[in-house]
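> Give me a model of this one.
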Amino acid sequence: MPKATRRAIPRKKPQQERSQAMVATLLEAATRVFVKEGYAKATTNRIATAAGVSVGSLYQYFPSKDAIAVELLRRYRDGLVELVGARLSTATPATFTVVVRDLIGELLRAEGINPALHRVLIEQVLRTSARKEMLGFEERLEAVLADGMRAAKIELRDPDLSAFLLVRVVLSVVQSAVVDRPKYKTPELADELTRLVVAYVTPP
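Model (predicted):
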């Protein structure tokens, strides 16, 4: 495994309550440092200081700031998969449009994560070699969406293919709006994306 890849992988998963609390403290401190000082100026020493621990303690769990960023994004995305699954589980053909609009709106608002941190994580993880550490998220989201559309009785020739297309299109647009064109990160964009999704899944 290349050294750069190893540096983007957390060293170990905390099992005990004390270790879990330590990791939570480090992640909260990293969020503050990434947002306040910017990713380029952030260092493991500064993150450890902000967390009130030694840098040696930090290195027990994370070999680099890249590994911390990967873990922050992974936790956010795990929450997204759960959110999408929960919302779609209650959808019906009559409510599908409203559910889709709400979910896209939450994606654009980056619910559950600091918007400035969200931008940092897209730039520093999803648009770098560290992205490979996030493999599997899109596929999990596709499975949840395909199951949700089946449960909602959305008639599609191939729900899995449709879910693949929709997930990739929506995530690409959302990420571009967050990083490249913040002026489009608006309710109007959520409305347009909803129209796109609903038109695609609505039989002619």
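
> just for this protein, where's the confidence low?
Scanning the chain for pLDDT under 70 picks out 1-15.

> just the helices in it please.
In the chain, helices defined by DSSP state H lie at 3-6, 17-37, 44-51, 55-59, 65-88, 96-109, 115-121, 137-151, 159-179, 187-201, listed in chain order.

> Out of the ones you listed, which gets nearest to Arg127?
helix 159-179 (7.8 Å; Cβ to Cβ). All C-beta spots, glycine's among them, are computed from the backbone N, C-alpha and C.

> returning to that earlier point: for the helices of the chain, give me TSV that also has mean neighbour count.
As requested, those are arranged in TSV below (neighbours: other Cβ atoms under 10 Å):
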stretch	mean neighbour count
helix 3-6	11
helix 17-37	17
helix 44-51	19
helix 55-59	15
helix 65-88	19
helix 96-109	19
helix 115-121	20
helix 137-151	18
helix 159-179	17
helix 187-201	16
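
> Can I get the ones you listed in a markdown table including distance to Ser129?
Compiled in a markdown table, the helices of the chain are given as follows (distance: least, Cβ to Cβ, whole Å):
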| stretch | distance to Ser129 |
| --- | --- |
| helix 3-6 | 6 |
| helix 17-37 | 18 |
| helix 44-51 | 19 |
| helix 55-59 | 21 |
| helix 65-88 | 9 |
| helix 96-109 | 24 |
| helix 115-121 | 14 |
| helix 137-151 | 16 |
| helix 159-179 | 17 |
| helix 187-201 | 29 |
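
> I'd like to know which of those is closest to Thr128.
Among the helices of the chain, the nearest to Thr128 by Cβ to Cβ is helix 65-88 (8.1 Å).

> Distance of Tyr76 relative to Ser64?
Going from Tyr76 to Ser64 by Cβ to Cβ, to the nearest Å gives 19 Å.

> swap in Glu133?
Using Cβ to Cβ, Glu133 is found at 12 Å from Ser64.

> So which residue is dead centre in the protein?
Arg77 (3.5 Å; Cα atoms, centre = their mean).

> That one against Phe137, yeah?
Yes: at 4.9 Å, Arg77 and Phe137 qualify as touching, with contact defined as Cβ atoms under 8 Å.

> doesn't Gly148 make contact with Gly85?
Yes: if you go by Cβ under 8 Å, Gly85 and Gly148 touch, sitting 7.1 Å apart.

> any idea how this protein splits into domains?
3-59, 66-201 (automatic domain parsing).

> if I pick Glu37, what's in contact with it?
In this structure, Glu37 makes contact with Arg46, judged by Cβ atoms under 8 Å, 6 or more residues apart in numbering.

> Also Leu165?
Leu165 is in contact with Tyr200, counting by Cβ under 8 Å, 6+ apart.

> Tell me how far it lies from Lys132.
Taking Cβ to Cβ as the criterion, Leu165 is separated from Lys132 by 22 Å.

> now do Arg157
Taken as Cβ to Cβ, the spacing of Arg157 relative to Lys132 amounts to 32 Å.
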